[in-house]
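Peer 1: this one's structure only:
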């Protein structure tokens, strides 16, 4: 298939934004599987973060790849280039929002979905759009095509409703499901109708699929936005995505860098929202505040005005764009600290001796985008805290959480990937490796500096700011006091994120790609772990093998559940530490190997990523199966002991039983006998109610509710074990 | 490495990008104190060969030795004795020229400050200028300063003159490179990869021409000039149609006959003499002409 010039250019734009867009699309759809506030927050972070990234990447990638001179020198008006870039970013953002809202609609379909009239309007418009192509090509007129489309819809859907009512007039419930509250059949028919007409009009739509996607997005989004305005519950992520799609271009052109663009765009809209709402509430009307009833209207109008303003500013900036940088990585406007004076910055200047110190200095300066993100975040945070202190009832501290949730992962990932990524983007990495120092040393300096910067600015800085918030009395009650385990786990997870990002940066050509790959990698790693846990719980043969092994251990070591639990409690963290250590070692080994041979080889990242993912899966699978096996390991010896006690001749209400008496019943296997050797077994019979019915007894037997024999086993090492059975 | 051992020794080197072979079964030996040219068209495999020498690429097969050492095993020892100027020169854009040179000097045991200031003056590079603001040619100049000041035993230059203006180019080749080698005659070796062969004509002692990753020709420069000759004969009538086994190319233009001979020049001259030409001349080819004639 040959593409027109326009399509070729659009395809180039789409290709560049593909992966971040995919993350945003998957995050939109992930609402189906996420449960709980934390998972939902992570989903929203992925959605908003990747939307910000692909909005900024459209312009930022031209800085990264140094392609502005090539693009701008082409015989096309700048306005046209601007329109094409905006069109692709806009279409991508609209499709993400359609997926996000579509998922929301899907989830609320059979529960509390009360906005069906908006969905029906959307579906009706969707059907008109999709059928218009076919009818236009048949009638050779756009207006006649739309008219015919509308008429055919009335005929098809009217006929369908009439038919259902006539055919199922004796089953009002079925009619209600199909046309009543849920309108299931109607929605399905709309879907089939729309897709059928797209297929019928494929010759018309050929080459116009982007237009079709945009129109589809519009017909779904406009009624939904109207719904939000009338219902008063605009989802923040929708407004965020709309605002960032329109403003990221301007900020990217200002910062001359993708990362700078994302940081400034997010900070700008957060600060603007906080300040505008504060000023409106303070000086116009108290009803226009965070807690006020008109917040949704303020946010919707504000987001619209902000988006429009920054779209215009972006165009102005693009029209006046000068291509200044002879070299650029993510954009030399952001990369590297320029020393201007002062003893602190003068320390950063390279000296003719001490190459290790110079390597450290150089790495510190390469981390400039992380300092920039930290500075912008701190400024936003302090503004939020100030507003909160000025007007505590308005709950500005919730915005602080939002900032924190966005900043921490960005700072960690950025710290991990910027050192290597910037050097690769600048084209320095290969030449730098030829300097007379070991590549391992250079790599270690990079890992060390990435870890230190990431942990300092991604963990300690937010912790310090949070402490400031607590000391100022603004947020003492919001979060519980940190536990040692919690701090340790958070620190380890943070370090892991930095290392994954570092690993990605050694395998990819620039920091933005590494950032995207890290987001995908972290999500995929979590998915592998979840899948492993699920498979471990499902798989019984693996559990069976381990159960037998553990039962053998229990019986031969004469463990009580307490001492067994203690041993297992030590085993799992120990094995987890070993496994994590080995996994990290493998990942770092891969990273070092790629760092030494910086040639980017196709498929290496995927192969190594699959290996690491498979290891995560296998460990999660084994750990879950092991835990299940540990739970089951008692069943076998305890069941034999229960059976032996049942088969004993009556001995009285309480007493001791010797091992020889139990052996005489023939219910014990050799391993259970070994388990009980030297142990003291005592029992107590509990008198149960004689009024129990047979059904109650069966129920109690089935669920073990009412025991009538309590058993105590004292092992030679002094530990005891008690259980009961019926 | 023994004193007379080769500085660079490549045996059966092969490297591929995916399924495409960039270098195939390449052999190359550079003796100390020589200026060795690695010639080839764009994409012939020159940069890939250089990167394999520097352990930036892991060869698919074959061995690479620098100063008799394996660059993968003796990483620092090898890198300490060489300097490399890549085809695409980039520096940290936020560093000044002074900072960049100090940064490079910190990795070296020896750095000639006198040479540094001479070269900075000659290239008109300002020490306070940021590397990000340097033009492409100025970046190459800075890279050359950084490579020459440590006075390494081996200078690896990958397309070093691309982006340089003609004055600097001539100065660089004739003065800088020449002075570098004369600093310690017989000890300082240069391996230069380029397709702008005419610029290095007077400097090159030996060369290898590679095409599609394969060694097409390895020869000393003088031997090449002697072996590859351009013979011109002018006849009174139309030039006769002749077939010489040693002729690479033969061109007839009415009364004139031009033959590019690959060896066997005396025999060809003798044969032509017998035909009684009005004039008969022969001259050695330039290295660039040898390159063109070989790859034509």
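Peer 2: Sure, I can see it. Note that the structure is a prediction, hence the values are computed from the model and not measured.
Peer 1: interface residues of the stretch 351-500 of chain A facing chain B?
Peer 2: A:351-355, A:357-358, A:362, A:365-366, A:426-428, A:430-431, A:433-439 (CB under 8 Å from any CB of the partner chain). Where C-beta positions appear, they are placed from N, C-alpha and C, glycine not excepted.
Peer 1: if I pick the residue in the stretch 601-726 of chain A that chain B sits nearest to, what's in contact with it?
Peer 2: Nearest residue of the stretch 601-726 of chain A to chain B: residue A:602, at 6.2 Å (CB to the nearest CB). Residues counted as contacts of residue A:602 (CB atoms under 8 Å, 6 or more residues apart in numbering or on different chains) are residue B:18.
Peer 1: pretty sure it belongs to a helix, no?
Peer 2: No. Under DSSP: H, G, I helix; E, B strand; the rest coil, residue A:602 sits outside any helix and is assigned coil.
Peer 1: got a pLDDT number for it?
Peer 2: Residue A:602 carries a pLDDT score of 70 in this model.
Peer 1: ok, it to residue A:123 distance?
Peer 2: According to CB to CB, to the nearest Å, residue A:602 and residue A:123 sit 43 Å apart.
Peer 1: Strands along the stretch 51-200 of chain B, start to end?
Peer 2: Ranges of strands in the stretch 51-200 of chain B, per DSSP state E, counting those that start in this stretch, are B:61-66, B:82-85, B:154-158, B:189-194.
Peer 1: got CSV for the ones you listed, with mean pLDDT and distance to chain A too?
Peer 2: Below are those laid out as CSV (pLDDT from 0 to 100; distance: least, CB to the nearest CB, whole Å):
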stretch, mean pLDDT, distance to chain A
strand B:61-66, 93, 11
strand B:82-85, 92, 4
strand B:154-158, 92, 8
strand B:189-194, 91, 13
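Peer 1: now those strands as TSV including mean neighbour count?
Peer 2: Below are the strands of the stretch 51-200 of chain B laid out as TSV (neighbours: other CB atoms under 10 Å in any protein chain shown):
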stretch	mean neighbour count
strand B:61-66	19
strand B:82-85	24
strand B:154-158	24
strand B:189-194	24
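Peer 1: Give me the buried stretch members for the longest helix belonging to chain A, please.
Peer 2: Assignment by DSSP state H gives helix A:561-596 as the longest helix of chain A. Within helix A:561-596, the residues that count as buried by 16 or more other CB atoms under 10 Å in any protein chain shown are A:561, A:563-564, A:568, A:579, A:583-584, A:587-588, A:590-592, A:594-596.
Peer 1: tell me what it is packed against?
Peer 2: helix A:439-455, helix A:484-507, helix A:604-632, strand A:720-725 (3 or more CB pairs under 8 Å, 6 or more residues apart in numbering or on different chains; DSSP states H and E).
Peer 1: Save these as TSV, and put in mean neighbour count and distance to residue A:572 too.
Peer 2: Formatted as TSV, these follow (neighbours: other CB atoms under 10 Å in any protein chain shown; distance: least, CB to CB, whole Å):
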stretch	mean neighbour count	distance to residue A:572
helix A:439-455	20	26
helix A:484-507	19	14
helix A:604-632	18	7
strand A:720-725	16	21
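Peer 1: Among those, which comes closest to residue A:517?
Peer 2: helix A:484-507 (4.1 Å; CB to CB).
Peer 1: now that closest one against helix A:439-455, angle please.
Peer 2: Orientation of helix A:484-507 against helix A:439-455 (axes from the mean of the first three to the mean of the last three CA atoms, to 10 degrees) gives an angle of 130 degrees.
Peer 1: Tell me how far helix A:484-507 lies from the chain's centre.
Peer 2: 16 Å (CA atoms, centre = their mean, to the nearest Å).
Peer 1: go on, stretch B:20-28?
Peer 2: On CA atoms, centre = their mean, the centre of stretch B:20-28 falls 17 Å from that of its chain.
Peer 1: Just the buried positions in that stretch, please.
Peer 2: So, applying 16+ other CB under 10 Å, buried residues of stretch B:20-28: B:21, B:22, B:23, B:24, B:26, B:28.
Peer 1: Just the closest of those residues to chain A, please.
Peer 2: Checking these against chain A with CB to the nearest CB, the nearest one is residue B:22 at 10.5 Å.
Peer 1: How is the closest one classified with respect to secondary structure?
Peer 2: strand.
Peer 1: Surely it and residue B:16 touch.
Peer 2: Yes. If you go by CB atoms under 8 Å, residue B:22 and residue B:16 touch, sitting 6.0 Å apart.
Peer 1: So which of the residues of the stretch 351-500 of chain A next to chain B belong to strands?
Peer 2: Per DSSP state E, strands hold no members of these.
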